[in-house]
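>>> Sequence isn't available, so here's the structure alone:
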C-alpha cells in the first residue's frame with residue numbers, strides 16, 4: 001500500500017524529521033511504499049509553507065492511505081492533509097495502525 005506520512009513540522013526541533021524518518025522506516029519494514037514529506041527538500045522564503053503544502057498535497061493524491069504522527073491535530077498542514085485524505089476516501093490512521101496490517 002502507498003502510505004503518506006502526515007504530522008507536525010512547523011516550530012518543532014529539526015522540523016520533526018526524526019519522527020517522520022522513523023515512521024518511514026517502520027512503514028517500509030511493514031511492506032508499504034512510503035511518501036515522506038520530510039524528504040521534500042528545503043524551501044526558503046516568505047511562502048515556504050505554501051510551497052511545502054503544494055508538494056505534500058500532490059503526495060497525498062498519490063497515496064492510498066495517510067498515516068498520522070502524534071501531534072497531527074495541532075498541525076495546520078497535517079489537518080489539511082487528513083481532511084483531503086478523508087474526502088477522497090483514503091484510509092487514515094495512526095502510524096501504528098499500519099504496522100500490523102490495514103487499519104479498519
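Thanks, I have it. Treat the numbers as computed from the prediction; the structure is a model and nothing was measured. Numbering: from 1, shown residues only.

>>> wait, what's in contact with the nearest residue to residue 69 once chain neighbours are set aside?
With Cβ to Cβ, 6 or more residues apart in numbering as the criterion, residue 69 has its nearest non-adjacent residue at 2.8 Å, and that residue is residue 7. In this view, the C-beta of every residue, glycine as well, is placed from N, C-alpha and C. Contact criterion Cβ atoms under 8 Å, 6 or more residues apart in numbering gives 16, 19, 20, 23, 68, 69, 70, 71, 72, 75, 78 as the residues in contact with residue 7.

>>> what's the least confident helix or strand in the protein, going by average pLDDT?
Considering only helices and strands, the least confidently modelled element of the chain by mean pLDDT, DSSP states H and E is helix 48-62, at a mean of 95.

>>> Could you check that one and say which residues are buried?
Buried residues in helix 48-62, counting neighbours by 16 or more other Cβ atoms under 10 Å, are found at 52, 53, 56, 59, 60.

>>> which residues are contacting the following helix or strand past it?
The element immediately downstream of helix 48-62 (helix or strand, assigned by DSSP states H and E) is strand 65-68. Judged by Cβ under 8 Å, 6+ apart, the contacts made with strand 65-68 from elsewhere in the structure are 1-7, 23, 27, 60, 78, 81-82, 85, 90-95, 97-98, 102-103.

>>> Pass me the low-pLDDT residue ranges in this protein, would you?
Along the chain, segments meeting pLDDT under 70 span 101-104.

>>> mind redoing it with 50?
Counting by pLDDT under 50, the chain contains low-confidence ranges at 104.

>>> What segments of it are strands?
Using DSSP state E, the strands assigned to the chain run over residues 2-6, 33-35, 65-68, 91-94.

>>> With mean neighbour count and distance to residue 41 as extra columns, can I get those strands in a markdown table?
Written out in a markdown table, the entries for the strands of the chain read as follows (neighbours: other Cβ atoms under 10 Å; distance: least, Cβ to Cβ, whole Å):
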| stretch | mean neighbour count | distance to residue 41 |
| --- | --- | --- |
| strand 2-6 | 25 | 16 |
| strand 33-35 | 19 | 14 |
| strand 65-68 | 25 | 21 |
| strand 91-94 | 17 | 26 |
